[in-house]
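Q: Return atomic coordinates for the entry below.
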Amino acid sequence: MKLGLQLGYWQAGPPTNHAELVAAAEESGYDAIFTAEAWGSDAFTPLAWWGRETSRVRLGTSIVQMSGRTPTSIAMHALTLDHLSNGRLILGMGVSGPQVVEGWYGQPFSKPLARTREVVDIIRQVLARKGPVTNDGPHYPLPFNGPGAMGLGKPLKPITHPLREDIPIWLGAEGPKNVAQTAEIADGWIPIFYTPKSAGMYQPWLDEGFARPGARRTRETFEIAATCHLQFTEDDGPAKQAVVDAMKPIVALYMGGMGAKEMNFHHQVFTRMGYGETADEVQRLFLSGQKDEATRLIPDDLVNDMHIIGTEGYVKERVAQWEETGVTTLLLSAHSADEIRKVAEVLA
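A: Residues are numbered from 1 along each chain as shown. Here you go, the predicted structure:
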């Protein structure tokens with residue numbers, strides 16, 4: 001199993017230590033660095049900036065929000081960055097949610113699976129450069145002949161020849177249909193709440209996708225990049241408990257505070273994981289402003305399943321369990337270069 005450094009997205013201002021984190025990941029044998037985006041900083045620019053300081057690590061987006069750019073625009077970003085990095089790009093994409101898609105990007109969120117399929121197909125056409133790029137689908141028609149069109153749209157193929165036709169495309173997916181489609185059309189999957197206990201839930205969904213006619217990958221060639229918080233503690237008692245407790249507000253936020261009450265995909269995942277009653281109450285409390293009360297409902301077992309926290313021996317055992325479930329890359333955040341080096345040393 002490979003290690004990936006998750007740099008995430010910026011908060012109120014640019015981070016001040018990402019240069020040293022990226023350097024440590026490169027030196028310590030990490031396979032890749034990943035950047036994200038929400039409604040502030042973008043995912044591509046930091047990779048271009050920090051990628052120039054590296055020569056080996058792969059550069060991944062985890063994830064690019066598909067509604068923020070047209071499919072051909074995403075393909076242009078990917079084509080350009082893949083050239084600049086000498087073939088190290090991983091293009092991770094996802095649909096986000098209706099609050100962001102419709103509230104920030106001003107685009108419709110309906111039919112996310114169909115939209116994803118069209119986006120992936122158009123990007124692959126651009127990267128293949130076999131001919132002018134066209135699309136008959138209703139969501140991203142090329143050329144566009146809808147309302148307001150002048151009727152002069154011309155199918156085009158990229159001026160620049162892509163470095164790689166097969167830039168890996170990984171998709172963020174949470175629900176059964178989305179996960180199955182990801183296994184069918186993508187090269188990898190970026191789950192947000194994949195854990196050793198929940199892994200069995202996802203396997204039939206993945207198998208359904210792999211079994212579809214024309215599926216791009218098999219289970220053996222498909223990548224799963226799971227995100228978790230990994231932290232060493234002096235003991236598996238009070239020191240570990242303090243870290244577990246510190247993680248609970250974040251879990252409560254995703255369980256109860258993300259998205260709308262009527263449509264919170266993260267809440268749905270926790271429900272499928274067997275925490276339905278807890279998730280409902282956490283959501284009720286969180287959305288009513290009672291965040292501390294919501295946080296107190298988060299079970300220790302859930303945090304310990306989602307993250308890897310404990311002594312070096314415990315961490316090694318847990319990492320092995322994640323790997324046994326099919327995880328090919330563990331995406332980890334870090335606060336310092338020393339943390340990155342220690343993880344690499346312990347797991348070497």
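
Q: Would you map out the domains in the protein?
A: 2-229+312-347, 234-310 (automatic domain parsing).

Q: hey, least reliable of the ones you listed by pLDDT?
A: Lowest mean pLDDT within the domains of the chain: domain 234-310, a mean of 90.

Q: Mind giving me the packing neighbours of the longest helix anywhere in the chain?
A: When the chain is parsed with DSSP state H, its longest helix is helix 112-128. Packing contacts for helix 112-128, counted by 3 or more C-beta pairs under 8 Å, 6 or more residues apart in numbering; DSSP states H and E, involve helix 71-84, strand 89-94, strand 169-171, helix 176-185. Quick note: C-beta positions are derived from backbone N, CA and C, even for glycine.

Q: Could you export the ones you listed to JSON lines, including columns for mean neighbour count?
A: As requested, those are exported to JSON lines (neighbours: other C-beta atoms under 10 Å):
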{"stretch": "helix 71-84", "mean neighbour count": "20"}
{"stretch": "strand 89-94", "mean neighbour count": "26"}
{"stretch": "strand 169-171", "mean neighbour count": "25"}
{"stretch": "helix 176-185", "mean neighbour count": "21"}
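
Q: Make TSV from these and add distance to Asp31 to it.
A: As requested, those are exported to TSV (distance: least, C-beta to C-beta, whole Å):
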stretch	distance to Asp31
helix 71-84	17
strand 89-94	10
strand 169-171	13
helix 176-185	20
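
Q: Can you say which of the ones you listed is nearest to Gly214?
A: With C-beta to C-beta as the measure, helix 176-185 is the member of the helices and strands packed on helix 112-128 nearest Gly214 (7.7 Å).

Q: What's the first helix or strand after the closest one?
A: Counting by DSSP states H and E, the next helix or strand C-terminal to helix 176-185 is strand 188-189.

Q: what's in contact with that following strand?
A: The contact list for strand 188-189 (C-beta atoms under 8 Å, 6 or more residues apart in numbering) reads 90, 92, 168-173, 179, 182-183, 206, 222-225, 328.

Q: again, only using 6 Å
A: Residues outside strand 188-189 that contact it (C-beta atoms under 6 Å, 6 or more residues apart in numbering): Trp170, Thr182, Glu223, Ile224.

Q: So what's the residue count around the nearest residue to Pro98 once chain neighbours are set aside?
A: Spatially, and ignoring its direct neighbours in sequence, Pro98 is nearest to Phe109 (4.0 Å; C-beta to C-beta, 6 or more residues apart in numbering). Using other C-beta atoms under 10 Å, Phe109 has 18 other residues around it.

Q: gap between Thr325 and Pro196?
A: Distance from Thr325 to Pro196, counting by C-beta to C-beta, to the nearest Å: 6 Å.

Q: Sounds good, over and out.
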